[in-house]
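Engineer: Give the three-dimensional model of this entry:
(chains A and B)
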Amino acid sequence: MTERIWDKFLTERDKTVLSAGGFGALADWGNRPALIVIDVNYAFCDEEPKPILESIKKWRTSCGEDAWQAMPVLQKLIGICRDKGIPVIYTTGTRRADNWDSGSWSWKSKRSSEAPVLKSDGRDGNEIVDEIAPGPRDLVVLKQKPSGFAGTPLASYLQLLGCDSLIVTGTTTSGCVRATVLDAFSLNFRCTVVEDGCFDRTQASHAINLFDMHAKYANVRPSDEVIDHLNILPQGMFDLPSGQGMSTRVAAE
Amino acid sequence: MTPDRFEDHVWADVVPKDLIQIYAPYQRETFVGPKPALILIDLYNLAYRGGPVPPVTLQDQFPSSCGIHAHNAIEPTQRLIASARAAGIPVIYCTSDQRPFAAPRGVGATRRKKPSAAQRFPDDFEIWADFAPHDGDVVIRKQRASIFQGTPLISHLNLLGVQSLIVCGESTSGCVRASCVDGYSNGLHVSLVEECTFDRHELVHKMNLFDLHHKYADVMHIDEVVAHLDSASAEKVAAE
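Structural biologist: Numbers count the residues shown, from 1 in each chain, chains lettered A, B, ... in the order given. Next comes the predicted model:
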């Protein structure tokens, strides 16, 4: 891979420093991954692909069309992992109706006092979009802060499953994806970030955060390469939930 | 151990029949889990001060000593460590973090009164010489009761691929209990070795072992755990 998404944002000095400092080496993948899908919900995606400036009028955290460009990549990865018996773990937000527990989130947004927005059919913005709806054997971790690990049982689930690595997708690259990758790194989990499976509402943030993560904490790879890797892993390595009795939405085709 | 021997432990003489009846749904087979690490909780000098005598007689000079209970556990703990080393599993100690500037006032493993200057020695929190750590072991310095709280333990366990713990040390009611519960909460199978675990008083020791055994950990006898580790090292030798 010669040209990377972040190259056009870097100065010549940046490129020299990076290579002289020895950053950005390719780490081992690990042997027992979980697929992590961060916050691909209506509040970040809108109900359909819309230009971002249009979309954020209703959904102030929307990433607009970029979210929907990642959707087929997510569908493919989720499908492969389910077939292989690799854990698929979603995160999404959870909030009191009165928003009291937004806490620090209210400190940096001028629009945080707006009443929570609901989908046109009345569903909550934190619901994971139907196009990649969780299946009965998947796990959904509810969180209130950027990292999937902060105040959640995620680390204990990974321990119980015997995971040694994460394949991270979702949104936003600069926010919750990065925070989750950082915490995973600190816990000695190996991380792969799927370049075309992540998105952000800010183009420069998306590129530079991928750059940072690839330099120091994770392998940032295109989905084709991640799929090739998943395909060589053995079938049925994990003791996954049986899924019995789980009410499940059928993923929209 | 099989479910029918679930209550064959040190608490049998203090636990009434109706309590056993209430706790019947906890009965199960006990075992050492996959990919274990040995966790040695607070085996530091302070726990052994004053020699093998009843702790109540040490109240004035060494109020933190577990006395006879600590000394009774020395031989089985040596056996356990030797067997863990032979099996090649990670050996992880913890002790109290006494480093200067490490914590504000009021931070500690319990709410007990601080010892007087006359009751303190510079090597109080060094590991007891019989169990001195080897090269390659890990010593975690902690400020609270649990070995997990505010320490890098989980990241070490992930790096090593550890999936379960074999725990021993002191005190049963304090740091051992807190560490076992956190181990359980973090998704690890926890086995607690009865003969290598101790407290200042037998009743507290027994009831805390009882609680841990029923709810969070498999309390096992030293012979079972050593037999398990020895068979693991025999397999290792055969494979080599």
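
Engineer: just so I have it, where are all the strands in chain A?
Structural biologist: Using DSSP state E, the strands of chain A run over A:33-38, A:88-93, A:139-143, A:165-171, A:190-199, A:219-221.

Engineer: Partner strands of the second one, with direction?
Structural biologist: Strand A:88-93 has these partner strands in its sheet, going by DSSP bridges: strand A:33-38 (parallel), strand A:139-143 (parallel).

Engineer: pLDDT on the first one, on average?
Structural biologist: Going back to what we said before, that points to strand A:33-38. Throughout strand A:33-38, pLDDT has a mean value of 98.

Engineer: how distant is that strand from the center of its chain?
Structural biologist: 7 Å (CA atoms, centre = their mean, to the nearest Å).

Engineer: is it true that residue B:133 lies in a strand?
Structural biologist: No - assessed with DSSP: H, G, I helix; E, B strand; the rest coil, residue B:133 is coil; it does not lie in a strand.

Engineer: give the contact list for the closest residue in space to residue B:84 that isn't next to it in sequence.
Structural biologist: Spatially, and ignoring its direct neighbours in sequence, residue B:84 is nearest to residue B:38 (4.1 Å; CB to CB, 6 or more residues apart in numbering or on different chains). (Glycine included, C-beta is placed from N, CA and C.) For residue B:38, the contact set (CB atoms under 8 Å, 6 or more residues apart in numbering or on different chains) comprises B:80, B:81, B:84, B:89, B:90, B:91, B:92, B:165, B:166, B:168.

Engineer: that older thread, in a markdown table, list the strands of chain A along with mean neighbour count and distance to residue B:98.
Structural biologist: Putting the strands of chain A into a markdown table (neighbours: other CB atoms under 10 Å in any protein chain shown; distance: least, CB to CB, whole Å) gives the following:
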| stretch | mean neighbour count | distance to residue B:98 |
| --- | --- | --- |
| strand A:33-38 | 27 | 39 |
| strand A:88-93 | 24 | 39 |
| strand A:139-143 | 17 | 36 |
| strand A:165-171 | 27 | 36 |
| strand A:190-199 | 25 | 35 |
| strand A:219-221 | 24 | 40 |
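
Engineer: What parts of chain B come near chain A?
Structural biologist: Within reach of chain A by CB under 8 Å from any CB of the partner chain, chain B has these residues: B:154, B:155, B:156, B:157, B:158, B:159, B:161, B:163, B:185, B:186, B:187, B:188.

Engineer: can I get the CA coordinates of the helix or strand the fourth one falls within in PDB?
Structural biologist: Element membership of residue B:157, judged by DSSP states H and E, is helix B:153-160. Extracted C-alpha coordinates of helix B:153-160, given in PDB (Å, rounded to 0.1, in the frame of the first residue of the first chain):
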ATOM      1  CA  LEU B 153      -2.700  -7.000  36.500                       C
ATOM      2  CA  ILE B 154      -5.400  -7.500  33.800                       C
ATOM      3  CA  SER B 155      -3.100  -6.300  31.000                       C
ATOM      4  CA  HIS B 156      -0.400  -8.700  32.300                       C
ATOM      5  CA  LEU B 157      -2.900 -11.600  32.300                       C
ATOM      6  CA  ASN B 158      -4.000 -10.700  28.700                       C
ATOM      7  CA  LEU B 159      -0.400 -10.600  27.500                       C
ATOM      8  CA  LEU B 160       0.200 -14.000  29.100                       C
END
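
Engineer: which strands and helices sit next to that helix?
Structural biologist: helix A:154-161 (3 or more CB pairs under 8 Å, 6 or more residues apart in numbering or on different chains; DSSP states H and E).

Engineer: mind listing what's buried in the helix it packs on?
Structural biologist: A:154, A:155, A:157, A:158, A:159, A:160, A:161 (16 or more other CB atoms under 10 Å in any protein chain shown).

Engineer: got the contact list for the third one?
Structural biologist: Contact partners of residue A:157, counting by CB under 8 Å, 6+ apart, are A:87, A:89, A:139, A:141, B:187.

Engineer: what about residue B:72, distance to residue A:94?
Structural biologist: Counting by CB to CB, to the nearest Å, the gap between residue B:72 and residue A:94 amounts to 50 Å.

Engineer: Now do the strands in chain B.
Structural biologist: Under DSSP E, chain B gives strands at B:36-41, B:91-96, B:138-142, B:164-170, B:189-198, B:218-220.

Engineer: could the ones you listed be laid out in CSV, adding mean pLDDT?
Structural biologist: Below are these laid out as CSV (pLDDT from 0 to 100):
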stretch, mean pLDDT
strand B:36-41, 98
strand B:91-96, 98
strand B:138-142, 97
strand B:164-170, 98
strand B:189-198, 98
strand B:218-220, 98
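
Engineer: ok, back up a step: list the buried residues of the helix holding residue B:157.
Structural biologist: B:153, B:154, B:156, B:157, B:158.

Engineer: Around chain B, which positions in the stretch 151-253 of chain A sit nearby?
Structural biologist: So the stretch 151-253 of chain A meets chain B at A:155, A:156, A:157, A:158, A:159, A:160, A:162, A:164, A:186, A:187, A:188, A:189 (CB under 8 Å from any CB).

Engineer: Give the closest residue to the second one in space, chain neighbours not counted.
Structural biologist: So that's residue A:156. Once flanking residues are discounted, residue A:156 sits nearest to residue B:187: 3.9 Å by CB to CB, 6+ apart.

Engineer: got the angle between the longest helix seen in chain B and strand B:164-170?
Structural biologist: In chain B, with assignment by DSSP state H, the single longest helix is helix B:222-239. Angle of helix B:222-239 versus strand B:164-170, following axes from the mean of the first three to the mean of the last three CA atoms, to 10 degrees, is 140 degrees.

Engineer: Average pLDDT for helix B:222-239, rounded please.
Structural biologist: On average, helix B:222-239 scores 90.

Engineer: just stretch B:17-29 next, same as before
Structural biologist: On average, stretch B:17-29 scores 97.

Engineer: list the buried ones in that stretch?
Structural biologist: So stretch B:17-29, judged by 16+ other CB under 10 Å, has buried residues B:20, B:23.
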